[in-house]
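Asker: Sequence and computational prediction follow.
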Amino acid sequence: DVKVTQSSRYLVKRTGEKVFLECVQDMDHENMFWYRQDPGLGLRLIYFSYDVKMKEKGDIPEGYSVSREKKERFSLILESASTNQTSMYLCASRTGTGTHKGYTFGSGTRLTVV
Amino acid sequence: AQSVTQLDSQVPVFEEAPVELRCNYSSSVSVYLFWYVQYPNQGLQLLLKYLSGSTLVKGINGFEAEFNKSQTSFHLRKPSVHISDTAEYFCAVSDNTGTASKLTFGTGTRLQVTL
């Protein structure tokens, strides 16, 4: 069964900490995405990558960065965590040939910044 | 730019009743349309998608949706819901530009099915 795996289900971090959220996919997908999910706001795209070492800003990139050193791994980095980054973070991947083949989502990481 | 509007944040319904979850989109180019479901404490799962062709699309778990280009809508329906359908449902739109395309989601509709 193909999967997108997010390394942590729950995380609690302190304000100002540098936080790494990891995502790994085993489907040889070219494209990977990071969304955050907040009640009443749906899913909002933070960053995406369509190839190794490539990255593109999404709709809400402020306060975040990403790293894609290997095709299967896409990391989201909170340079200095703040309480307004408390949220559910979802990673997704898809093939590079387009959205029509659908996305596969991870189970999410619920991050609390205190 | 593209956007999705889900007007109903919550829809309560009794078991075995029909349900419709509304979705409207806007885009300057042709689009693909999707419905995803999220069960509690899980990631998103694809219910169905419209790419082209027949405007009535059937998905998993007895759900279907109809693409209406003139009304820019893609409403989700089920003739008889079950308790297990309680979840959050997201409508999403994508342009079909290939590699660079990405999904834009609506704000979600929470379907609450009760006895």
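Answerer: Structure's in. What do you need?

Asker: For chain A, what lies in contact range of chain B?
Answerer: Applying the criterion Cβ under 8 Å from any Cβ of the partner chain, the portion of chain A that neighbours chain B consists of A:4, A:30-31, A:33, A:35, A:40-45, A:48, A:50, A:56, A:58, A:90, A:92, A:96-100, A:102-103, A:105-108. No exception for glycine: its C-beta is placed from N, CA and C like everyone else's.

Asker: Go ahead and build a PyMOL selection from the buried members of those residues.
Answerer: The PyMOL command for the buried members of the residues of chain A next to chain B (criterion: 16 or more other Cβ atoms under 10 Å in any protein chain shown) is given here:
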select buried, chain A and resi 4+30+31+33+35+42+43+44+45+48+50+58+90+92+98+99+100+102+103+105+106+107+108
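
Asker: Give me the distance between B:Gln6 and B:Val81.
Answerer: From B:Gln6 over to B:Val81 the distance is 17 Å, taken as Cβ to Cβ, to the nearest Å.

Asker: got a pLDDT number for the most centrally placed residue in chain A?
Answerer: The centre of chain A sits closest to A:Trp34, judged by Cα atoms, centre = their mean, with a distance of 2.8 Å. At A:Trp34, the pLDDT value in this model is 97.

Asker: circling back: of the residues of chain A next to chain B, which belong to strands?
Answerer: Under the assignment DSSP state E, these contribute A:4, A:31, A:33, A:35, A:42-45, A:48, A:56, A:90, A:92, A:105 to strands.

Asker: just the residues you listed now: which is nearest B:Val19?
Answerer: When these are compared for distance to B:Val19 (Cβ to Cβ), A:Gly42 comes out closest, at 19.4 Å.

Asker: Can you tell me, leaving aside adjacent residues, what's nearest to that closest one?
Answerer: Spatial nearest neighbour of A:Gly42, excluding adjacent residues (Cβ to Cβ, 6 or more residues apart in numbering or on different chains): B:Thr107 at 4.0 Å.

Asker: pretty sure that neighbour is in contact with B:Gln6, am I right?
Answerer: Yes. With contact defined as Cβ atoms under 8 Å, B:Thr107 reaches B:Gln6; the gap is 5.5 Å.

Asker: Quick check: neighbours shared by those two?
Answerer: Residues touching both B:Thr107 and B:Gln6 (Cβ atoms under 8 Å, 6 or more residues apart in numbering or on different chains) are A:Gly42.

Asker: quick one: contacts for the residue nearest to the spatial centre of chain B?
Answerer: Centroid-nearest residue in chain B: B:Trp35, 3.2 Å away (criterion: Cα atoms, centre = their mean). B:Trp35 is in contact with B:21, B:23, B:46-49, B:59, B:63, B:65, B:74, B:76, B:89-92, counting by Cβ under 8 Å, 6+ apart.

Asker: how close does it sit to chain A?
Answerer: In this structure, B:Trp35 and chain A are separated by 11 Å, where distance is defined by Cβ to the nearest Cβ, to the nearest Å.

Asker: Find the residue closest to that residue in space, skipping its chain neighbours.
Answerer: On the basis of Cβ to Cβ, 6+ apart, the spatially nearest residue to B:Trp35 that is not a chain neighbour turns out to be B:Leu47, at 4.3 Å.

Asker: neighbours around that neighbour, how many?
Answerer: By the other Cβ atoms under 10 Å in any protein chain shown criterion, the neighbourhood of B:Leu47 contains 22 residues.

Asker: which parts of the strand or helix carrying it are buried?
Answerer: When secondary structure is defined using DSSP states H and E, the element that contains B:Leu47 is strand B:44-50. For strand B:44-50, the buried set under the neighbour-count rule, 16+ other Cβ under 10 Å, comprises B:44, B:46-50.
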